[in-house]
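# Any chance you can model this:
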Amino acid sequence: MQLSTYLEPFKSAVLGTISGNGYPFSSYAPFYYDGLSIYIFISDIATHAKNMQQRAKASAFFIEDESQTQQIFARKRISLQCDVKSISKDDASFEPIMEAFVSKQGETLTMLMGMNDFNLYVLTPIYGEATFGFGEAYNIGGEKMNELVTRTDDSGHK
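All right, here's what the predicted structure looks like:
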């Protein structure tokens, strides 16, 4: 099962980063997923940007809307632990990624692209978990870390 199938309905990810004082910080950002990596385009003023510039690690969390389930503990969710890298506006991959990003998120991104303080970050999953209800838990794995793999033990790890 491909991860992209499950991420398609989402427009934003809840991000977790570690601040300078060592405490976690959570917020959200619109994202684009190309089947391998998650891309976010945020301002340097954002706490997440500052945190990722200091520590190149983040989590991306996706969770089903509460109104979509009758059992609050059974919400579908995916959590990805990622390495982070900034992509320069001069990089050859910047334009194609942003075109796909705009296609998913809308024209507001086009306006933001002209702002100097906005930058593109790529979050590459190194580990992840998905839960789709009671007893339906998966690890994120596969050669390209983009597949759901049935768990083989109780620890949640491969």
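
# show me what contacts the most centrally placed residue in the chain?
Closest to where the C-alpha atoms of the chain average out (C-alpha atoms, centre = their mean) is Ala60, at 3.8 Å. Each residue near Ala60 by C-beta atoms under 8 Å, 6 or more residues apart in numbering is listed here: 13-16, 31, 38, 79-80, 82, 123, 125. From N, CA and C alone the C-beta is placed, and that goes for glycine too.

# what do you get for Lys144?
Lys144 touches 35-36, counting by C-beta under 8 Å, 6+ apart.

# repeat for Ala29
12-13, 15, 40-42, 46, 48.

# can you pick the most crowded of those?
Leu15 (27 neighbours; other C-beta atoms under 10 Å).

# where does the protein dip in pLDDT?
Where the chain drops to pLDDT under 70, the residues are 106-115, 153-158.

# what ranges do the helices span in it?
Counting by DSSP state H, the chain has these helices, from start to end: 3-7, 47-54, 94-105, 108-113.

# Turn those into JSON lines, including distance to Thr69.
As requested, the helices of the chain are exported to JSON lines (distance: least, C-beta to C-beta, whole Å):
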{"stretch": "helix 3-7", "distance to Thr69": "15"}
{"stretch": "helix 47-54", "distance to Thr69": "28"}
{"stretch": "helix 94-105", "distance to Thr69": "25"}
{"stretch": "helix 108-113", "distance to Thr69": "30"}
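
# closest one to Val149 among these?
Nearest of those to Val149, taken as C-beta to C-beta: helix 3-7 at 10.3 Å.

# how many other residues sit next to Glu136?
13.

# related to what we said a few turns ago, closest to Tyr6 among the contacts of Ala60?
Leu80 (11.2 Å).

# The biggest strand by length in the chain - which strands sit beside it in the sheet, and in what orientation?
If each strand of the chain is counted by residues according to DSSP state E, the longest one is strand 118-131. Sheet pairing for strand 118-131, assigned by DSSP bridges, gives strand 38-43 (antiparallel), strand 77-87 (antiparallel), strand 137-141 (antiparallel).

# Determine which stretch of those strands is the most buried.
Of those, the one with the most neighbours on average (mean count of other C-beta atoms under 10 Å) is strand 38-43, at a mean of 21.

# ok, and what's touching it?
13, 15, 29-33, 48-49, 60, 80, 82, 87, 97-98, 101, 109, 112-113, 115, 117-125.

# I'd like to know which of those are buried.
The neighbour count (16 or more other C-beta atoms under 10 Å) marks 13, 15, 29-33, 48-49, 60, 80, 82, 87, 97-98, 101, 109, 112-113, 118-123, 125 as buried among the contacts of strand 38-43.
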